[in-house]
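Enquirer: Please work out how this folds:
(one chain, ligands or ions: 2)
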Amino acid sequence: MKSGIYRTTNPLSKTLSLPRNPSSSAKSAIQTLTYIPSRVNVPWLQMVACARIVCAWVYCCTNGFLKGVIRIMKAVRLHGLRDLRTHDEPVPQPMPGEVQIQVKSVGVCASDGHWYRDGRIGSTVLSAPLILGHEASGVIIAVGEDVSHERVGERIAIEPAKPCMKCEFCLAGHYNVCPNIPFFGTPPTDGCFCEYVCWPAHLALKAPDCMSFDEIAMLEPMAVGVYAIDLALAKPTDTVLVMGAGAIGLSVIQAAKVLGAAQIIVSEPIKERRELALKLGATDAVNPGDSDAVAAVQALTNKRGVDIAFECTGAEQSTVDASRMVKVLGKVMVIGIPDEDFYHFDASSSRRKELTVVFVRRSNLTTERSMELVAEKKIDIASYATHRYPLEQVGEAMEMMISKRDGVVRAVIAVSD
Ligand SMILES: [Zn+2]
Ligand SMILES: [Zn+2]
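Expert: Residues are numbered from 1 along each chain as shown. Ligands and ions are numbered 1, 2, ... in the order given. Below you'll find the model as predicted:
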């Protein structure tokens with residue numbers, strides 16, 4: 001650069017208007033992009049230089065445009081471990097087939113906590129700043145091409161997964177295990193800790209008027225509970241053990257109650273959560289921190305063990321205990337995400353009892369059924385939202401969820417009222 005000059009005017013400046021006060025970054029962009037080496041007489045190099053000038057002006061105009069014309073929203077991005085930053089970003093515009101959603105409430109899921117604390121879930125690693133959050137409610141404020149304008153104003157729940165609809169698993173109806181499935185708040189797809197999102201219209205589900213926005217956001221974990229009971233092929237005569245009474249565990253308990261399960265035992269170390277589980281449908285509660293929780297569950301089932309255990313914590317000991325607590329030929333449904341990328345089972349009891357272990361991946365077409373159960377007052381998901389934070393305090397909400405302080409079930413981010 002030392003041998004060159006900076007050209008700060010060019011023929012295009014007469015026809016293009018600059019922002020009145022270009023920011024310092026815009027100024028440096030002009031200087032960087034309009035740099036032309038001296039003594040250049042090669043035509044193609046001059047063309048390159050002109051292209052750089054055009055780029056610089058486009059950048060300047062865009063920069064001014066962003067501040068003046070394009071609507072700006074607040075978005076909270078995770079940049080690294082426990083490093084959340086609030087940014088001003090352009091409001092996304094709906095593509096054909098999409099709706100533009102003003103985000104209302106977003107639950108902080110345990111999986112968000114994994115990204116925030118560990119920067120990864122198993123083999124998937126955070127590689128670029130990401131907006132987290134996938135348990136969201138909102139209002140449709142605009143629609144893209146091919147979407148009815150009548151949808152504007154609808155209060156909606158968001159299905160956070162966008163399956164490809166083409167692979168063999170989608171074609172067989174197993175949308176949740178599609179290998180090509182963008183999911184809100186999972187790299188590289190930005191999530192909902194921001195003021196506006198765009199998403200396919202068919203994945204924005206109209207919610208009943210009786211539901212609050214916090215409740216609508218809690219449909220996402222509830223759908224996981226309903227799906228887990230479906231996948232377990234649970235029967236009303238079954239004895240069920242639910243390990244962990246966070247939002248997912250409570251959702252399994254309520255889905256089991258709707259099914260009419262004979263006995264629903266909850267295993268949960270936090271007193272407030274045990275009490276809520278009993279209120280929402282559990283028939284018995286044990287504390288896994290007590291000296292012998294396995295013996296306690298055996299005693300509650302006349303030493304038979306439970307038909308199905310739902311592991312909803314991800315704790316290493318929990319799957320080991322589950323394999324000891326289920327009956328001969330029993331079933332362990334694994335939902336919780338472990339800190340390390342391994343699950344642990346008691347080999348001898350799993351083998352001798354010929355257990356079935358089923359892993360549960362999110363949910364599959366169970367959000368609308370969950371809505372109906374709320375509308376019929378058969379389940380209560382409003383009580384999951386124990387703590388509320390504004391968008392600027394996503395970090396505090398994450399810390400609350402990770403620490404499990406204060407009897408928290410779900411911290412909910414109130415993005416807009
Ligand atoms: Zn979730
Ligand atoms: Zn697919």
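
Enquirer: helix, strand or coil for whatever residue of the stretch 251-400 of the chain ends up closest to ligand 2?
Expert: Residue nearest to ligand 2 within the stretch 251-400 of the chain (CB to the ion): residue 364, separated by 11.9 Å. Heads up, the C-betas are built off the backbone N, CA and C, glycines and all. The assignment at residue 364 comes out as coil when based on DSSP: H, G, I helix; E, B strand; the rest coil.

Enquirer: Tell me the pLDDT of it.
Expert: In this model, residue 364 is scored at 97, pLDDT.

Enquirer: Equivalent analysis for residue 77, please.
Expert: 98.

Enquirer: looking at this, it is in a strand?
Expert: Yes: counting by three-state DSSP, residue 77 is part of a strand.

Enquirer: Tell me, how many residues neighbour it?
Expert: 20 (other CB atoms under 10 Å).

Enquirer: which residues does it contact?
Expert: Listed by CB atoms under 8 Å, 6 or more residues apart in numbering, the contact set of residue 77 reads 84-85, 87, 129-131.

Enquirer: Now, of those residues, which are buried?
Expert: Among the contacts of residue 77, those scoring as buried are 84, 130-131 (criterion: 16 or more other CB atoms under 10 Å).

Enquirer: got these as JSON lines, with secondary structure, pLDDT and distance to ligand 2 columns?
Expert: Listed next are the buried ones among the contacts of residue 77 as JSON lines, based on DSSP: H, G, I helix; E, B strand; the rest coil; pLDDT from 0 to 100; distance: CB to the ion, whole Å:
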{"residue": "84", "secondary structure": "strand", "pLDDT": "98", "distance to ligand 2": "31"}
{"residue": "130", "secondary structure": "strand", "pLDDT": "98", "distance to ligand 2": "22"}
{"residue": "131", "secondary structure": "strand", "pLDDT": "98", "distance to ligand 2": "24"}
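
Enquirer: Of those, which is the nearest to residue 99?
Expert: Using CB to CB, residue 131 comes nearest to residue 99 of those, at 18.0 Å.

Enquirer: Any idea how many residues pack against the nearest residue to that closest one once chain neighbours are set aside?
Expert: Distance criterion CB to CB, 6 or more residues apart in numbering; nearest residue to residue 131, sequence neighbours excluded, is residue 190 at 4.0 Å. By the measure other CB under 10 Å, the count of residues near residue 190 is 22.

Enquirer: Could you do residue 180 as well?
Expert: For residue 180, using other CB under 10 Å, the count is 12.

Enquirer: which ones are touching it?
Expert: 163-164, 167.

Enquirer: what about it, helix or strand, and which?
Expert: For residue 180, there is no helix or strand it lies in under DSSP states H and E.

Enquirer: With ligand 2 as the reference, measure out to it.
Expert: 5 Å (CB to the ion, to the nearest Å).

Enquirer: Over to residue 177?
Expert: 8 Å.

Enquirer: what does residue 160 give?
Expert: For residue 160 relative to ligand 2 (CB to the ion), the value is 15 Å.

Enquirer: ok, of the buried ones among the contacts of residue 77, which one's closest to residue 186?
Expert: The closest of the buried ones among the contacts of residue 77, once distances to residue 186 are taken by CB to CB, is residue 130, at 8.2 Å.

Enquirer: How about the contacts made by that closest one?
Expert: Contacts of residue 130 by CB under 8 Å, 6+ apart are 77-78, 115, 185, 187-188, 190-191.

Enquirer: Can you tell me how far it is from residue 213?
Expert: From residue 130 over to residue 213 the distance is 23 Å, taken as CB to CB, to the nearest Å.

Enquirer: How about residue 158?
Expert: Counting by CB to CB, the gap from residue 158 to residue 213 is 11 Å.

Enquirer: What of residue 174?
Expert: 30 Å.

Enquirer: and the two? which has more neighbours close in?
Expert: residue 213 (25 against 14).

Enquirer: which residues sit in contact with the residue nearest to that one when sequence neighbours are not counted?
Expert: Using CB to CB, 6+ apart and skipping residues adjacent in sequence, the residue nearest residue 213 is residue 104, 3.8 Å away. Taking CB under 8 Å, 6+ apart, we find residue 104 in contact with 136-139, 213, 216-217, 414-417.
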